[in-house]
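> attaching a predicted model along with its sequence, questions to come.
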Amino acid sequence: MKWKPSLDWLLVFVPVTAAMEWLTPDAHAWIFTSACLAILPLAAWLGHATEHLAAHTGEGVGGLLNATFGNAAELIIAIAALQRGLHDVVKASLTGSIIGNILLVAGLAMLAGGIRHRTQSFQPVAARAQATLLILSAIALVVPAVFHHVAGVARRVEDDLSLEISFVLLAIYAAHLIFSLITHRSFFSGLQPAAETEAPGAHAPWSRARSIAVLAASTALIAWMSEILVGSVEQAAHAWGMPQIFVGVIVVAVIGNAAEHSSAILMAWKNRMDLSLSIAVGSSIQVALFVAPVLVLLSYAVGPSPMNLVFTPAEVLAVVVTAIIAAQIASDGESNWLEGAMLLAVYLILAMAFYFLPDQAAAAH
């Protein structure tokens, strides 16, 4: 696995971002831009370490590990927002992660892979199982929102409902891990394409310990840069005239998931669609079934008030649309560049809708 990184020169923006945060804390637009540039090479290293680790663990486990490490930064950022009681920001970033990983990341991966390979195959059973979990995630968001608008009960009742739903989501996520890693692991092992065999003289995969060490180091630095980025993104967005809901759902989510972007696209380019989709779809599932309920539970300990699962109608609609189109794409076990273009088209439509959605309408529950 010979690799010649082309983004390593951007690592200079890691100390530059830290220095700007310390010396010029009011230069929010410049700090935001520098943090974005710093995250890109770190995400590339994370993706490369995932590829080496997948050689030891298999496609399914490799994708799961990448999704876990990729979402660690977002979880840290969300916890910091919870401590300040910024529940709307947390919910918007969760929504953006779910739709971004399916529509943007998987869309770019299918488009890039489809340009190089006429048709790419993946395990349909694993893909359909993940698509069904996304539909379950959408239901988990629809029910509290409908309950909020129809029942008209006290906030405490909505908090209790969200807490109970969170335990259900965590239970089904645990069941998904057992299904994918133990009882039906063969479904997630991946279809290895014959066209992508290693060239003579290619480097051997890294050791498992080295791969995990690079993953951990990359994740820690990404979390650091992401925290600085989020601290300046609202002011930078205000300076650039971006609505707050657009910032939360699109901008923060895109930058926060930069690790999944590069990893999934790289794997699709190498015709490893099982690992690519395991990263993209698996990250969305982990956000919806693990990160979201964990944040609900943590809000009782670290926040000024509990966070519930009552998302805005616009956010719920976006997740439902994403789950439906993901189920359609995953049904046949094959992908091509046109399917990737269609996923990107849906993402652009939703992004435009959030951009023109007034802040007061987005914030209305």
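It's in. Numbers count the residues shown, from 1 in each chain.

> going forward, measure contacts and count neighbours with C-alpha atoms only.
Will do.

> what about Gly248, neighbour count?
25 (other CA atoms under 10 Å).

> repeat that for Ala49.
Using other CA under 10 Å, Ala49 has 25 neighbouring residues.

> please report how far it lies from Tyr173.
To Tyr173, Ala49 is 25 Å away according to CA to CA, to the nearest Å.

> where does the prediction get shaky in the stretch 251-365 of the chain?
Along the stretch 251-365 of the chain, segments meeting pLDDT under 70 span 255-260, 359-365.

> and the strands in it?
Counting by DSSP state E, counting those that start in this stretch, the segments of the stretch 251-365 of the chain that form strands are 334-335.

> other residues contacting stretch 227-247?
With CA atoms under 8 Å, 6 or more residues apart in numbering as the test, stretch 227-247 has contacts from 21, 28-29, 31-32, 35-36, 76-77, 92, 252, 351, 354-359, 362.

> for stretch 153-165, same thing?
For stretch 153-165, contacts defined as CA under 8 Å, 6+ apart pick out Ala140, Pro144, Phe147, His148, Pro293, Val296, Leu297, Pro306, Met307, Asn308, Leu309, Val310.

> go ahead and confirm Gly107 touches Ser335.
No. Assessed by CA atoms under 8 Å, Gly107 is found out of contact with Ser335, at 10.1 Å.

> compare these two (neighbour count), which wins?
The residue with more neighbours, out of Gly107 and Ser335, is Gly107; 29 against 22, by other CA under 10 Å.

> for the residue nearest to that one when sequence neighbours are not counted, give me its contacts.
Leaving aside its chain neighbours, Gly107 sits nearest to Gly340 (4.0 Å; criterion: CA to CA, 6 or more residues apart in numbering). Neighbour list for Gly340: Ala106, Gly107, Leu108, Ala109, Met110, Leu111, Gly114 [criterion: CA under 8 Å, 6+ apart].

> for Val281, see how far away Gly340 is.
14 Å.

> what's the overlap in contacts for these two?
Ala106.

> among the contacts of Gly340, name the buried ones.
Ala106, Gly107, Leu108, Ala109, Met110, Leu111, Gly114 (16 or more other CA atoms under 10 Å).

> among the residues you listed, which lie within helices?
Using DSSP state H, the subset of those located in helices is Ala106, Gly107, Leu108, Ala109, Met110, Leu111, Gly114.

> where is the longest helix in the chain?
From DSSP H, the single longest helix across the chain is helix 208-240.

> what's near enough to touch Ala81?
His87, Val89, Val90.

> of those, which one scores lowest on pLDDT?
Among these, Val89 carries the weakest pLDDT, at 80.

> now it: how far from Val252?
As judged by CA to CA, Val89 and Val252 stand 9 Å apart.

> could you check which of the two has the larger neighbour count?
For Val89 and Val252, the more surrounded residue by other CA under 10 Å is Val252, and the numbers stand at 23 against 19.

> so what's the more buried one up against?
Taking CA under 8 Å, 6+ apart, we find Val252 in contact with Ser93, Gly96, Val230, Val233.
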